[in-house]
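# What follows is a predicted protein model with its sequence.
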Protein chains: 8
Amino acid sequence: QRQGFPEVIFGQGKTKEQITKIISSLIFHNEVILVTRVDEMKAKYILQHYPNLEYHQTAQLISTPLKDIPQSKYYVSVLCAGTSDLPIAEEAALTAEIMGVSVKRFYDVGVSGIHRLLSNIHDIRRGKVSIVIAGMEGALASVVGGLVNHPVYAVPTSVGYGANLNGVTTLLSMINSCAPGTSVLNINNGFGGGYNAAQIIHMLENKESEVSL
Amino acid sequence: QRQGFPEVIFGQGKTKEQITKIISSLIFHNEVILVTRVDEMKAKYILQHYPNLEYHQTAQLISTPLKDIPQSKYYVSVLCAGTSDLPIAEEAALTAEIMGVSVKRFYDVGVSGIHRLLSNIHDIRRGKVSIVIAGMEGALASVVGGLVNHPVYAVPTSVGYGANLNGVTTLLSMINSCAPGTSVLNINNGFGGGYNAAQIIHMLENKESEVSL
Amino acid sequence: QRQGFPEVIFGQGKTKEQITKIISSLIFHNEVILVTRVDEMKAKYILQHYPNLEYHQTAQLISTPLKDIPQSKYYVSVLCAGTSDLPIAEEAALTAEIMGVSVKRFYDVGVSGIHRLLSNIHDIRRGKVSIVIAGMEGALASVVGGLVNHPVYAVPTSVGYGANLNGVTTLLSMINSCAPGTSVLNINNGFGGGYNAAQIIHMLENKESEVSL
Amino acid sequence: QRQGFPEVIFGQGKTKEQITKIISSLIFHNEVILVTRVDEMKAKYILQHYPNLEYHQTAQLISTPLKDIPQSKYYVSVLCAGTSDLPIAEEAALTAEIMGVSVKRFYDVGVSGIHRLLSNIHDIRRGKVSIVIAGMEGALASVVGGLVNHPVYAVPTSVGYGANLNGVTTLLSMINSCAPGTSVLNINNGFGGGYNAAQIIHMLENKESEVSL
Amino acid sequence: QRQGFPEVIFGQGKTKEQITKIISSLIFHNEVILVTRVDEMKAKYILQHYPNLEYHQTAQLISTPLKDIPQSKYYVSVLCAGTSDLPIAEEAALTAEIMGVSVKRFYDVGVSGIHRLLSNIHDIRRGKVSIVIAGMEGALASVVGGLVNHPVYAVPTSVGYGANLNGVTTLLSMINSCAPGTSVLNINNGFGGGYNAAQIIHMLENKESEVSL
Amino acid sequence: QRQGFPEVIFGQGKTKEQITKIISSLIFHNEVILVTRVDEMKAKYILQHYPNLEYHQTAQLISTPLKDIPQSKYYVSVLCAGTSDLPIAEEAALTAEIMGVSVKRFYDVGVSGIHRLLSNIHDIRRGKVSIVIAGMEGALASVVGGLVNHPVYAVPTSVGYGANLNGVTTLLSMINSCAPGTSVLNINNGFGGGYNAAQIIHMLENKESEVSL
Amino acid sequence: QRQGFPEVIFGQGKTKEQITKIISSLIFHNEVILVTRVDEMKAKYILQHYPNLEYHQTAQLISTPLKDIPQSKYYVSVLCAGTSDLPIAEEAALTAEIMGVSVKRFYDVGVSGIHRLLSNIHDIRRGKVSIVIAGMEGALASVVGGLVNHPVYAVPTSVGYGANLNGVTTLLSMINSCAPGTSVLNINNGFGGGYNAAQIIHMLENKESEVSL
Amino acid sequence: QRQGFPEVIFGQGKTKEQITKIISSLIFHNEVILVTRVDEMKAKYILQHYPNLEYHQTAQLISTPLKDIPQSKYYVSVLCAGTSDLPIAEEAALTAEIMGVSVKRFYDVGVSGIHRLLSNIHDIRRGKVSIVIAGMEGALASVVGGLVNHPVYAVPTSVGYGANLNGVTTLLSMINSCAPGTSVLNINNGFGGGYNAAQIIHMLENKESEVSL
Ligand SMILES: Nc1ncnc2c1ncn2[C@@H]1O[C@H](COP(=O)(O)O)[C@@H](O)[C@H]1O
Ligand SMILES: Nc1ncnc2c1ncn2[C@@H]1O[C@H](COP(=O)(O)O)[C@@H](O)[C@H]1O
Ligand SMILES: Nc1ncnc2c1ncn2[C@@H]1O[C@H](COP(=O)(O)O)[C@@H](O)[C@H]1O
Ligand SMILES: Nc1ncnc2c1ncn2[C@@H]1O[C@H](COP(=O)(O)O)[C@@H](O)[C@H]1O
Ligand SMILES: [Mg+2]
Ligand SMILES: [Mg+2]
Ligand SMILES: [Mg+2]
Ligand SMILES: [Mg+2]
Ligand SMILES: [Mg+2]
Ligand SMILES: [Mg+2]
Ligand SMILES: [Mg+2]
Ligand SMILES: [Mg+2]
């Protein structure tokens, strides 16, 4: 009955054999599978055993093939500034998609060139939730928060150097966002952003499944 | 068209005269008013000028009277452990209510007596969103996150001492929650928790107002 | 020959008698006077002894009267988001003016309402230097840095709470700005921002005074 | 006369030759041997010289064979959430066992699935001491502390990422536990947890060995 | 059946009226009462309502009178360096005594005059548990840990200045103690030290009350 | 129209293929090229494709050949203490030069041998801006700030060990400089220092390009 | 036989009655008395009881009258930048003098005006030890360390604001000094600087009192 | 005239060629040579070029042969707890010896076995200065400081794990030492400890070389 929620394995720090073994027990129950933080080498091994799964290289995810998963009517807007944040942005976007939720990607909208963000704002606003992936000073979360009226999930990344402190500065910065309607995930936790956003879309499309006051 | 969203004034660090002046311009536009972080002394002064507003002492809020605001069909679950976290819990709950959203309060459910939480879990789950207010080690957020399938907003408070570091430990702890479906607000930011939760309920009850993919 | 540079007294932590005594020795040398961080009570005492000086309450500065100081042709743009940052913004603006430099104030341009910033951008760009005063997550510095081609001085303020850590988060955030052409001052150091900006304007208008390569 | 207390060598940062040499001097005195933090490569070398010792791979320990050590009547409950914390959990459990103390392992009882913990609580309570091994936000320590009446040793692990800060967040979180009866060890110090727990069991079973008031 | 465990109220941050109200409900159930962190002014008010309780000024505790509580055969050693740490040392000692546990105080044994510690070591060792209260660099915990074979609870205090960081340095220092058999409580958490120690003594004197393996 | 400003690529964290591809699109537009943080191996690959570019090994930069770029009349003074800071000093100096700005290098002027600094002070002062590169305690920035009347950009480096905290100490130290007229860049951000300095020189030599008040 | 070493009482956090009581027991033994961190109000009370002692207001010290203490042949150089650091500088200087050691004060030698330091360097060098008192970025310690060949004690003060972090930045900066021959005391620990310096002078003048190798 | 002071090269972060080149210029001036932080591979290369120098492997130092350097009459006591701190202890000891100062080593005197320290205390006291090398909680510095009457240099090491924070905890702990007469060096800065100690011994044996008051 946890339908729509995949069984998630956190791949980091697990051996390829351990992951394969966990998958085998889950597949047996016919679950939707999602494994995060899988590097290419581990992925190769796992897909030899489970060739029906698919590997998303940028996001470092293994999952039940996306084509087998129906997508939602409403969509989530996923935003980031550029190449360095792509792996986390894709972790977020694909997590949502694996949970059956449509995603629109806005991947070149950093605040140091604000016009690219502004020229996309109409489509960003039409999404029901935004996930903002940003490193360095994380200003994108505040700017987006001020431009949309729906929930914004801010995911700090460890992209930066020096006083970025491996993303801690970005995290603290986002937690202090001056725009209401924003909440924050752990550093590089694209998965968490996608999961939260998908929970909201699920409710929007199945709201009869839970009773009211 | 920002209907349902009150005009919010952050009262902390503003004088009673400054707040009164801002209210006067907003009232003129017939907005829903919400002023946060107003101590009793300031509140008295402001209510002398605007006796139609009401003051919520525990939450330190001034607002348009709640009775004038229609409440939503779905509700938000607001949870905390006890007396020390009450001001922030009420800031969260009242913010949602002022935004027209129903709230169910669960105010004695700390993890050191887990049975109280478990005996309320059915009603907590029936809410569409949970806001978890906790100080010290903030474990309540993780436990609730593992028990519900809807979005959880974790609000760390500065309740604690010593290595609590005025709530920074609670914040970092919540950011690391092992339960997916949780996101985090700034320390003592009950307002932010209520605002985010209300955004979701608004969408659930007005979803036709935004177009799909 | 340090013409144009006032004698600056850091008033914080000095008694009104100490400040008065230092002023008396400087006035004797006919210098331009600037005392920063002077609260109203101290100011009253000092102005009784030196009624020719003037007190700027918001900025907490005492100085040689502004009307006696000629202003530059080029100007500095001073930006901030609103009332809470005003004292530091005025410390920056008045420091520049006391150093003989024109200032244009843009005091309601926070990133959570980005259109106000954009509608002023032409005039901000016409300044030769920008000073950006911001608290919380400090995103304004990055956004401005991306919109102008001249040097930006970012001054973090201690406006914020919780994980703002009294401005340390804002400082670190600004240090990580993704927009090139930005450099950072200490928390609440409006004086430093004004001083640096004035140095640049001085050079622009008197460049013959120093020899080339 | 330090009977029951093994001679402990902290293997980390020592070469295989250094460890072997220290063992040789201890064996000469017929002591119980415990070497912690020994990787597989070092272990192989050492066991070639002392084939009578045994290597516990998950815990990275070398010790006098467990079968030679009598176990206590009372037992210690060792708890953790899953695979990532296993090495530290085993360091704790085996340290106790090498000190002659019985251990019951509860290794799949994380707070994000609280029912597994609750269904084991009777047996956990029957132990005389609990050692709780947890990473991320460390909430398990508080939950267990609230459910048992005996001393709880909380061992934070460095399992986590981002704002986990290599276990510092977990440590601070546990230090702030809202459940009385809990105390905390260094990050990954499973050894310390096992050692403390064993001291208590030793006293319970040999209490005549020390005089009363 | 939570016999021997008092009902504990954390007085800090509660008003005298709130504390009195909580006491009234507990007294009704005939519990042993312990209120920590009560300043003299609050205490006076509370004792006017409950003159049968007693106030311990140094420790800032209100409790059921000590003379009504039988003391254990085994004792806990409570150690500190001098006057500044007394309030926390007494919080620890009295907590244990209110839980029915005997205490021996060693209150002038700082490491900068190590002979005083050494001349008391025999009696310290005869205790079943040690609680070491120390501020500054907290070295006392390590020295004691190396001299006794029973569990040591280290309670860092916020006594110190500058780089002591309000006790955070002391806490981190104690967590790194080189002596095995030591575990750590929150800064100034004398209560926690006393509570843990009392749990151990309770088991030593009532061990039949829990079943063996 | 961003004439004089090169297109800058941050090479760190990008593959040699990605960098080559970005260069190809920029060259097409006939831009001045600057790629920072390129190690020797990547540089070799890139220069095989674009043999007209040049690699500056110490600074780890690839750029349009310097000989094709006209240099300014005014110059920037770049200062550091010695060999360890050279890579960052050269990143700063070359960034300025690639932006068409003359540089004078003062590379052996650390504060522990202050006479070397003093014997160069005349030439340092003749520059229009100073960039001070320093690691460890970063004292050089304050000393230089006190000796010159033009803007100083302080660039902390991660040169140091232990309590240097990878340059964070140097950064905080520079932010607290007691000499007015100093502002600070991120750790190791030589690029930022050069870029800011060049902005100023550009204005000094083209000031007619922007309108006055 | 601890001749020359005064009995030192750390006054901070002790009541005037407690201090008076400790003095009374020491005076009985005819010791040299030194009480640090005594504010004016406490001092008044104490001197009423012990009118033979003297109060040094800037340094906040009470001591045996200086005129009763013979001064050494060699002297200690005490340096600071100006008024804000005076209390700590005097704590250092007077501690040395109370221990019978001569002091030469250099109190206006901050690095932002390096010529004042240089014009005094001959006399500073003639001292046998230097104590450098500095706040903000603490650069003075490095500059002095590079100019003298004797031991330098660096005492960071909490003078500064913002990113000074109450002196922690100054402390870390001094710990990283690039000049060999420098060691560091706690923030505001002028006493420690004076005490260490006096130990050295004592040895220089009484070296026969300890045996050689 | 800097007689007795060697020319010191900080080898860390320098290539073997760079070090060799610096040595060649110094040897030319007939200086005493000291190169710190040289690993075995670099050392081999350097000694092929300068076979008259000698390499001290534990300390990772290259120097003028010790047998060519006369040793002082007075000695320095160098203390540490065991094998892990040896490299830093030897860096300190050899630095002093290369500066012509006698050293007595006490290398097994950690506080968790305090009797070994106490049984050596007579000889430790006979030294004129103590250098205490310690990791973890650094308690040894306080204990020694309380037992000797001469200056103590505390050198924190990065030996430890978890909350040791790579020696930062040890550093802060030592800075807070409760024993007067102690000052602190950077983490792992054995060189600094030896250098300071040697400065004192030089003065004791050559005091006529500097003039008195
Ligand atoms: N990339 C990720 N970041 C954070 N948490 C994750 C990630 N992937 C999976 N998780 C969480 O980790 C849990 C599985 O952990 P495990 O049982 O160790 O495989 C899932 O239920 C998720 O809550
Ligand atoms: N895994 C561990 N974590 C923390 N401390 C340990 C560990 N293993 C051993 N120790 C401690 O290290 C001491 C031995 O250190 P050493 O003399 O360096 O081998 C033992 O007495 C224990 O107190
Ligand atoms: N060494 C550097 N340090 C800091 N920022 C840099 C550096 N090099 C380039 N940048 C910035 O990075 C931007 C390009 O980033 P990207 O688009 O990721 O290549 C440039 O516009 C600069 O603002
Ligand atoms: N191991 C060490 N730790 C700290 N500072 C050192 C060390 N070895 C040398 N130094 C310092 O580094 C200076 C030489 O630095 P450099 O010019 O970079 O070789 C010497 O004068 C010493 O002050
Ligand atoms: Mg919004
Ligand atoms: Mg959930
Ligand atoms: Mg710009
Ligand atoms: Mg319990
Ligand atoms: Mg022990
Ligand atoms: Mg200057
Ligand atoms: Mg020197
Ligand atoms: Mg001493």
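Perfect, thanks for sending it. Residues are numbered from 1 along each chain as shown, chains lettered A, B, ... in the order given. Ligands and ions are numbered 1, 2, ... in the order given.

# Which part of chain A gets nearest to chain H, residue-wise?
residue A:165 (13.5 Å; CB to the nearest CB). (Glycine included, C-beta is placed from N, CA and C.)

# Run through the strands of chain A in chain order.
Counting by DSSP state E, chain A has these strands, from start to end: A:7-10, A:33-36, A:54-56, A:61-63, A:75-79, A:102-106, A:129-134, A:152-156, A:182-184.

# where does chain A come near ligand 1, residue by residue?
A:8, A:9, A:10, A:36, A:37, A:189, A:191, A:192 (CB under 6 Å from any ligand atom).

# how does it look with 8 Å?
Within chain A, the positions adjacent to ligand 1 are A:7-12, A:14, A:22, A:34, A:36-37, A:91, A:186, A:188-192, A:195 by CB under 8 Å from any ligand atom.

# Hmm, residue A:148 and residue A:129 touching each other?
No. In this structure residue A:129 lies outside contact range of residue A:148 using CB atoms under 8 Å: 9.2 Å.

# of those two, who's got more company?
Higher neighbour count among residue A:129 and residue A:148: residue A:129, with 29 against 21, using other CB atoms under 10 Å in any protein chain shown.

# need the contact list for that one.
A:76, A:77, A:150, A:151, A:152, A:153, A:196, A:197, A:200, A:201 (CB atoms under 8 Å, 6 or more residues apart in numbering or on different chains).

# same question, residue A:15
By CB under 8 Å, 6+ apart, the neighbours of residue A:15 are residue A:42.

# Phi first, then psi, for it.
phi -80, psi 160 (degrees, to the nearest 10).

# In chain A, where is pLDDT below threshold?
A:1-4, A:207-213 (pLDDT under 70).

# re earlier: turn the strands of chain A into CSV, including distance to residue D:174.
Below are these laid out as CSV (distance: least, CB to CB, whole Å):
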stretch, distance to residue D:174
strand A:7-10, 21
strand A:33-36, 26
strand A:54-56, 36
strand A:61-63, 32
strand A:75-79, 35
strand A:102-106, 38
strand A:129-134, 31
strand A:152-156, 24
strand A:182-184, 23
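
# Between those strands, which one is closest to ligand 4.
Closest approach to ligand 4 among the strands of chain A (CB to the nearest ligand atom): strand A:152-156, 35.0 Å.

# quick one, that closest one and strand A:75-79 angle?
Angle, strand A:152-156 to strand A:75-79, by axes from the mean of the first three to the mean of the last three CA atoms, to 10 degrees: 30 degrees.

# before we move on, the earlier item: could you export the strands of chain A to TSV, including columns for distance to ligand 2?
Output for those, formatted as TSV (distance: least, CB to the nearest ligand atom, whole Å):
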stretch	distance to ligand 2
strand A:7-10	25
strand A:33-36	30
strand A:54-56	38
strand A:61-63	35
strand A:75-79	43
strand A:102-106	46
strand A:129-134	38
strand A:152-156	32
strand A:182-184	34
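
# Quick one: closest of those strands to residue D:206.
Of all the strands of chain A, strand A:7-10 sits nearest to residue D:206, with 43.9 Å by CB to CB.

# ok, the residue most central in space within chain A - contacts?
What sits nearest the mean C-alpha location of chain A, by CA atoms, centre = their mean, is residue A:92, with 1.1 Å. Contacts for residue A:92 (CB under 8 Å, 6+ apart) come out as A:78, A:131, A:133, A:155, A:190, A:191, A:193, A:194, A:197.

# For the closest residue to it other than its chain neighbours, give its distance to residue A:75.
Spatially, and ignoring its direct neighbours in sequence, residue A:92 is nearest to residue A:190 (3.7 Å; CB to CB, 6 or more residues apart in numbering or on different chains). Applying CB to CB, to the nearest Å, the value for residue A:190 to residue A:75 is 17 Å.

# Could you do residue A:127 as well?
Where residue A:75 is concerned, residue A:127 sits at a distance of 5 Å (CB to CB).

# Return every residue with contacts to both of those two.
Counting by CB under 8 Å, 6+ apart, the residues touching both residue A:127 and residue A:75 are residue A:104.

# What about residue A:41, how many residues nearby?
For residue A:41, the number of neighbouring residues by other CB under 10 Å comes to 9.

# how close does whichever residue of chain A sits closest to ligand 12 get to residue G:30?
Per CB to the ion, residue A:165 is where chain A lies closest to ligand 12, at 38.1 Å. Per CB to CB, residue A:165 is found 56 Å from residue G:30.

# So if I had to pick from these two, which one is more boxed in?
Using other CB under 10 Å as the criterion, residue A:165 and residue G:30 rank with residue A:165 on top: 21 against 7.

# Can you name the residues that contact the more buried one?
By CB under 8 Å, 6+ apart, the contact list for residue A:165 reads C:172, F:168.

# repeat for residue A:190
A:59, A:87, A:88, A:89, A:90, A:91, A:92, A:93, A:95, A:131, A:133, A:155.

# List just the nearest of the residues you listed to residue D:176.
When the contacts of residue A:190 are compared for distance to residue D:176 (CB to CB), residue A:155 comes out closest, at 26.1 Å.

# how many neighbours does that closest one have?
Neighbours around residue A:155, by other CB under 10 Å: 35.

# Name the residue of chain A that lies nearest to ligand 5.
Distances between chain A and ligand 5 by CB to the ion are smallest at residue A:181, namely 3.5 Å.

# any idea where the helices of chain A begin and end?
A:16-28, A:40-49, A:86-98, A:114-118, A:121-126, A:139-147, A:168-175, A:190-205 (DSSP state H).

# Tell me which of those helices approaches residue F:46 most closely.
Closest among the helices of chain A, using CB to CB: helix A:86-98, at 21.1 Å.

# how about the helices of chain A in TSV, adding distance to residue D:177?
TSV is the format used below for those (distance: least, CB to CB, whole Å):
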stretch	distance to residue D:177
helix A:16-28	31
helix A:40-49	36
helix A:86-98	32
helix A:114-118	43
helix A:121-126	42
helix A:139-147	32
helix A:168-175	23
helix A:190-205	24
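
# To ligand 4, which of the ones you listed lies closest?
Of all the helices of chain A, helix A:168-175 sits nearest to ligand 4, with 27.7 Å by CB to the nearest ligand atom.
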